[in-house]
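Undergrad: Next come a sequence and a model predicted from it.
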Amino acid sequence: MSVIQNNIDLVNATLTVKVSNQDYAEKYEKALKTARKKINVPGFRVGMAPMGMVKKMYGQTILVDEINKIVSEELYNYINENKVNILGEPLPNENSKVEAFNEGDDFEFVFDIALAPELKVEWNKDAKLPFYNIEIDEKLLEKQVDAYRGRFGKYVPAEKVEEKDVIKGELVELNADGSVKEGGVKVEKAILSPGYMKDTEEQAKALGKAVGESFVFNPAKAFVNENEIASLLQIKKEEAKEFTADCQFTVSEITRFAHAELDQELFDAAFGKDAVKSADEFRAKVKAGLEEQFVGDSDIKLSIDVREWVLSQLKDVQFADNFLKRWLKETNKEMTESSIEAEYPKMIEDLKWQMVKDQLVKDAEIKVERADIEAAARSAAKMQFIQYGMLNVPEDILDNYVTEMLKDKNGLRNAADQAANAKFIAVVKEKVTLENKTISFEEFNKFFQ
């Protein structure tokens with residue numbers, strides 16, 4: 001058995017696998033005997049059918065399977081042992097097919113492969129890339145403080161209805177003359193908020209009302225969504241579509257959302273009991289949290305800029321385009337030729353970037369350990385809790401959350417990717433010159449719009 005490589009050009013090659021009768025005969029006979037033990041042939045006990053009959057019935061299929069196994073193993077052994085850097089997987093050459101599989105014959109199989117091109121990136125201190133330090137000014141800080149006050153706010157009683165209030169009371173359906181409809185819709189503990197009403201005239205009927213007062217409105221005009229109408233009137237969606245009557249709403253309770261005061265109750269809720277004891281300490285703590293978040297955001301932007309800088313050096317690199325498009329079609333049956341043509345340029349850009357990253361990681365001997373993955377998962381978990389307003393999550397809860405996150409394959413992969421990218425960016429920072437630029441949060445966000 002032998003494998004012969006023929007380089008057509010810098011990125012295309014063929015691998016010819018030659019298989020003689022001696023290479024497969026023994027394995028073929030062994031496979032036939034194994035199959036005979038399991039085959040049920042009418043007129044014979046299982047495993048007792050004549051070998052000639054087994055060979056006649058199943059020999060061709062078994063022969064093809066055994067030869068395919070041998071060829072596949074030899075092909076990948078050659079690629080690994082000779083360190084042939086390929087993209088995708090070998091594909092059978094369309095112009096060199098085996099017409100028939102006859103026992104005792106020698107065979108020759110030709111496969112097309114795509115050779116990975118050499119990607120040369122000049123990593124040196126002459127390369128200058130921007131690194132954006134996001135400025136935390138008073139306006140941004142106060143906005144974040146206000147956001148925390150909102151997260152820990154609560155509903156309090158109000159005297160008169162305003163747009164964003166929640167009002168509770170009794171709702172009854174009316175006749176055309178304004179009288180209460182006997183047997184009509186009646187909801188004793190109805191809840192609505194004028195702010196959700198789409199019609200300003202209907203909304204105005206509720207505004208300014210006090211507890212004990214009533215107003216008449218039309219739900220079909222106030223809400224365009226039958227789901228909202230059905231929920232308010234506590235009727236079926238189908239009935240809500242046909243409901244056109246006016247209703248009377250008698251207010252029994254008005255509540256309004258109020259931001260938390262900047263006091264010890266808020267400090268304890270946000271950061272734990274007595275961790276913060278003054279408004280100044282609270283602002284400092286909030287600012288530190290923003291700084292931690294923004295370091296990660298700045299690294300993300302740097303990663304994007306590094307990618308653009310790398311790809312600008314690789315514009316003229318050639319790939320085995322025809323082969324790769326064929327391989328994409330073979331391995332992604334849902335992709336059409338038009339979708340492959342449309343998406344291929346972006347795929348190549350992504351491939352270039354991944355190849356460069358992989359090479360740099362290899363050269364720098366970067367290793368992602370379990371501890372790195374757990375640290376990345378922990379950081380991601382903290383950010384998730386912060387988004388929900390949970391700033392002081394107990395360590396045991398955080399540990400359990402991370403453990404569950406890493407049990408999931410996607411969670412584990414995402415954490416590993418984040419850990420690897422963090423180490424990659426750390427290496428990049430050492431290889432190029434970073435030009436620190438202070439920028440406002442608003443200006444920084446424009447990069448991602």
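TA: Received, thanks. Predicted, not measured: the structure shown is a model, and the values here were computed from it.
Undergrad: What does the pLDDT read for the residue lying closest to V211 once chain neighbours are set aside?
TA: Excluding its sequence neighbours, the residue lying closest to V211 (Cβ to Cβ, 6 or more residues apart in numbering) is V251, at 5.5 Å. Any C-beta I mention is one placed from the backbone N, CA and C, and that applies to glycine too. Looking at V251, its pLDDT is 97.
Undergrad: tell me which element V251 falls in.
TA: Counting by DSSP states H and E, the element that carries V251 is strand 247-258.
Undergrad: Can you show me the CA trace of the following helix or strand past that strand as PDB?
TA: Reading on from strand 247-258 to the C-terminus, the next helix or strand found by DSSP H and E is helix 264-271. Output in PDB follows, covering the C-alpha atoms of helix 264-271 (Å, rounded to 0.1, in the frame of the first residue of the first chain):
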ATOM      1  CA  GLN A 264     -28.200  52.700  53.500                       C
ATOM      2  CA  GLU A 265     -31.100  50.400  52.400                       C
ATOM      3  CA  LEU A 266     -29.900  50.800  48.800                       C
ATOM      4  CA  PHE A 267     -26.200  50.400  49.700                       C
ATOM      5  CA  ASP A 268     -26.900  47.100  51.500                       C
ATOM      6  CA  ALA A 269     -29.200  45.800  48.800                       C
ATOM      7  CA  ALA A 270     -26.600  46.500  46.100                       C
ATOM      8  CA  PHE A 271     -23.400  45.500  47.700                       C
END
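Undergrad: other SSEs contacting helix 264-271?
TA: For helix 264-271, the contact count by 3 or more Cβ pairs under 8 Å, 6 or more residues apart in numbering; DSSP states H and E identifies helix 138-151, helix 279-312 as packing neighbours.
Undergrad: quick one, it and helix 279-312 angle?
TA: Angle of helix 264-271 versus helix 279-312, following axes from the mean of the first three to the mean of the last three Cα atoms, to 10 degrees, is 30 degrees.
Undergrad: Quick check: buried residues in helix 264-271?
TA: For helix 264-271, the neighbour count (16 or more other Cβ atoms under 10 Å) marks 266-271 as buried.
Undergrad: Now those residues in a markdown table, please, with extra columns for distance to E173 and pLDDT.
TA: Output for these, formatted as a markdown table (distance: Cβ to Cβ, whole Å; pLDDT from 0 to 100):
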| residue | distance to E173 | pLDDT |
| --- | --- | --- |
| L266 | 44 | 92 |
| F267 | 49 | 92 |
| D268 | 48 | 90 |
| A269 | 43 | 86 |
| A270 | 46 | 85 |
| F271 | 50 | 85 |
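Undergrad: Redo the residues you listed as TSV? Include distance to Y78.
TA: Shown next, in TSV, are the buried residues of helix 264-271 (distance: Cβ to Cβ, whole Å):
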residue	distance to Y78
L266	68
F267	67
D268	67
A269	65
A270	62
F271	61
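Undergrad: For the residues you listed, work out which two are farthest apart.
TA: Using Cβ to Cβ, those span at most 9.3 Å, a distance reached by L266 and F271.
Undergrad: Tell me the backbone dihedrals of the residue lying closest to V180 once chain neighbours are set aside, please.
TA: Computed as Cβ to Cβ, 6+ apart, the closest residue to V180 that is not its neighbour in sequence is V172, at 5.2 Å. Backbone geometry at V172, expressed as degrees, to the nearest 10, gives phi -130, psi 150.
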